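Q: Got a sequence here, can you build the structure:
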Amino acid sequence: MSLYSELFYSTEINGLFSEKNTLAEMLRFEATLAQAQAKNEIISETSAAIIVDCCDVYLIDIERLKLEVKLGGNAAIPLVKQLTRIVKNNDVEASKMVHLGATSQDVVDTAIVLQIKAFLTWLESKLNQLRQLLIVLTQKHRSTLMIGRTLLQQARPITFGLKTAGWLEGVVRSQNRLMEIQPRLLKLQLSGAVGSGNSSINQEVHRAMAQELGLTPSFSWQTQRDSFAEWAGVLGVLVGSLGKIAKDVSLLMQTEVGEVLEGAAEGKGGSSTMPHKRNPVTCAALLANATRTPHLVATVLSAMPQEHERSAGLWHSEWEVLVELMTLTAGSVERAIELVSGLEVDEKRMLANLEVTKGLIYAENVSLALAPKIGKMQAHELVEKACKTAIHQQKHLKEILLELQLDMPDLEALFKPENSIGLSLELIDEVLRVMNDSN
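A: Numbers count the residues shown, from 1 in each chain. Next comes the predicted model:
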């Protein structure tokens with residue numbers, strides 16, 4: 001595809017959407033149509049058998065077909081012409097039955113749905129793998145203390161497991177969306193020229209063909225593109241959720257933070273000029289894909305208001321955009337698996353970073369503990385003033401509070417990070433329980 005095909009994409013999925021495989025799915029449509037018509041006595045069994053035998057992608061002159069696409073405006077027209085000639089060389093009567101009653105959009109739309117179906121099988125497997133990796137990571141770091149950050153500033157202690165549980169939840173929600181969309185997405189398109197059908201593609205043929213292809217029989221959706229728009233949105237959300245993981249990791253990898261690192265590998269993350277660097281290259285790929293996909297989703301959404309019964313241009317705009325969305329999604333999922341499986345966590349650095357503010361992150365603990373004794377507003381004002389003093393004098397907040405000789409025998413406990421993580425452990429355990437119940 002390009003110099004960057006190994007960075008942004010998945011080689012395996014690139015093959016699924018290759019020219020040859022796309023044409024093979026279109027030929028599968030034609031073969032299955034002939035079989036369904038023969039089953040319902042619209043064409044002869046002999047003609048159907050000949051058509052099926054000729055629906056072999058290796059018999060197609062792909063380079064010639066590509067040159068002819070611009071004449072017909074889609075790949076189905078030159079493909080059907082080539083297929084008809086191939087069948088005619090074997091049987092003249094059978095050649096009259098090729099593509100009987102169907103239209104080019106029936107072929108193009110059903111072929112992409114068949115590719116989506118295969119892509120979903122691959123995607124579900126990979127997301128299950130990523131899900132399991134995140135479960136293991138969350139279990140391992142359930143109690144690993146670190147600082148939580150809001151607006152890029154240190155806020156309150158949490159555990160790394162709480163952060164990874166959030167990543168896990170995002171992935172699982174996308175898995176649920178993928179399951180929910182399938183009945184609306186995996187539909188046969190077989191409606192003829194204007195969506196009204198005809199005697200050659202009657203309801204019996206429609207049902208037989210859908211069953212053979214593993215799709216759902218459907219009313220014409222030639223210019224009702226909501227299912228593809230929903231599919232694009234689901235993929236965009238998934239890639240964005242994986243980008244969120246990459247964003248967190250890349251920020252935690254900053255030299256000044258240094259709490260996690262991408263897994264090491266020979267030649268990975270190096271700089272062309274600075275030998276000391278270990279760059280977040282996997283995160284960069286994930287974030288690049290997460291930046292590109294929203295615009296592709298927008299293109300599919302923009303193509304929804306299609307004219308009448310066949311669109312001029314809006315339908316056409318979907319073809320490569322949908323493929324690009326799926327190939328970028330595949331690349332993101334593979335990179336996310338690589339990132340999570342190799343992630344290196346520096347627990348000591350996480351503990352050290354908890355002390356960067358010299359106790360300021362525990363200010364809320366102190367304020368809440370004082371509130372019942374002196375009132376909420378007074379407690380807030382007192383602790384706020386103590387924080388300013390600590391910053392000005394470059395002292396630890398606990399030292400300032402001790403100087404104030406407050407009646408707080410539990411002061412020491414308020415400055416322990418494990419006492420400041422709220423319900424982190426309970427929340428993590430609930431996420432893991434739900435994951436175990438669903439497995």
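Q: only C-alpha atoms for contact and neighbour calcs from this point on.
A: OK.
Q: which stretches of the stretch 251-400 of the chain have low pLDDT?
A: For the stretch 251-400 of the chain, the stretches with pLDDT under 70 are 265-277.
Q: Let's see that with 80 instead.
A: For the stretch 251-400 of the chain, applying pLDDT under 80 flags the ranges 264-278.
Q: which stretches of it form strands?
A: Taking DSSP state E, counting those that start in this stretch, the strands of the stretch 251-400 of the chain run over residues 260-261, 344-345.
Q: Redo those strands as CSV? Include mean neighbour count and distance to residue 72.
A: Shown next, in CSV, are the strands of the stretch 251-400 of the chain (neighbours: other C-alpha atoms under 10 Å; distance: least, C-alpha to C-alpha, whole Å):
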stretch, mean neighbour count, distance to residue 72
strand 260-261, 20, 52
strand 344-345, 18, 54
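Q: CSV for these, including distance to residue 287?
A: Listed next are the strands of the stretch 251-400 of the chain as CSV, based on distance: least, C-alpha to C-alpha, whole Å:
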stretch, distance to residue 287
strand 260-261, 16
strand 344-345, 19
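Q: Nearest approach to residue 361 belongs to which of those?
A: Among those, the nearest to residue 361 by C-alpha to C-alpha is strand 260-261 (21.0 Å).
Q: which SS class is the residue sitting furthest away from the middle of the chain?
A: Distance from the C-alpha centroid of the chain, by C-alpha atoms, centre = their mean, peaks at residue 405 (55.2 Å). With DSSP: H, G, I helix; E, B strand; the rest coil as the basis, residue 405 sits in coil.
Q: what separates it from residue 147, distance-wise?
A: From residue 405 across to residue 147, the span is 28 Å (C-alpha to C-alpha, to the nearest Å).
Q: same deal with residue 378?
A: Taking C-alpha to C-alpha as the measure, residue 378 falls 27 Å from residue 147.
Q: the more surrounded of the two?
A: Shown here are residue 378 and residue 147; by other C-alpha atoms under 10 Å, residue 147 has more neighbours (23 against 14).
Q: moving C-terminal of the helix or strand that that one is a member of, what's the next helix or strand?
A: Element membership of residue 147, judged by DSSP states H and E, is strand 145-150. Using DSSP H and E, the helix or strand that follows strand 145-150 in sequence is strand 153-159.
Q: the inter-axis angle of whatever helix or strand comes next after that next one versus strand 153-159?
A: Using DSSP H and E, the helix or strand that follows strand 153-159 in sequence is helix 160-185. Helix 160-185 runs at 90 degrees relative to strand 153-159, counting by axes from the mean of the first three to the mean of the last three C-alpha atoms, to 10 degrees.
Q: Report the distance from helix 160-185 to the chain centre.
A: For helix 160-185, the separation from the chain centroid amounts to 9 Å (computed by C-alpha atoms, centre = their mean, to the nearest Å).
Q: Only C-alpha atoms, please: export the next helix or strand after that helix in CSV.
A: Where DSSP H and E defines the elements, the next helix or strand beyond helix 160-185 is helix 203-213. Output of helix 203-213 as CSV, limited to C-alpha atoms (Å, rounded to 0.1, in the frame of the first residue of the first chain):
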residue,chain,number,x,y,z
GLN,A,203,-38.6,-13.2,-2.5
GLU,A,204,-37.8,-16.9,-2.7
VAL,A,205,-34.6,-16.1,-4.5
HIS,A,206,-33.8,-13.3,-2.1
ARG,A,207,-34.3,-15.6,0.9
ALA,A,208,-32.3,-18.5,-0.6
MET,A,209,-29.4,-16.2,-1.5
ALA,A,210,-29.3,-14.6,1.9
GLN,A,211,-29.3,-17.9,3.6
GLU,A,212,-26.5,-19.2,1.5
LEU,A,213,-24.4,-16.1,2.1
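Q: Flag every buried residue along helix 203-213.
A: Buried residues in helix 203-213, counted by 16 or more other C-alpha atoms under 10 Å: 203, 205-210, 213.
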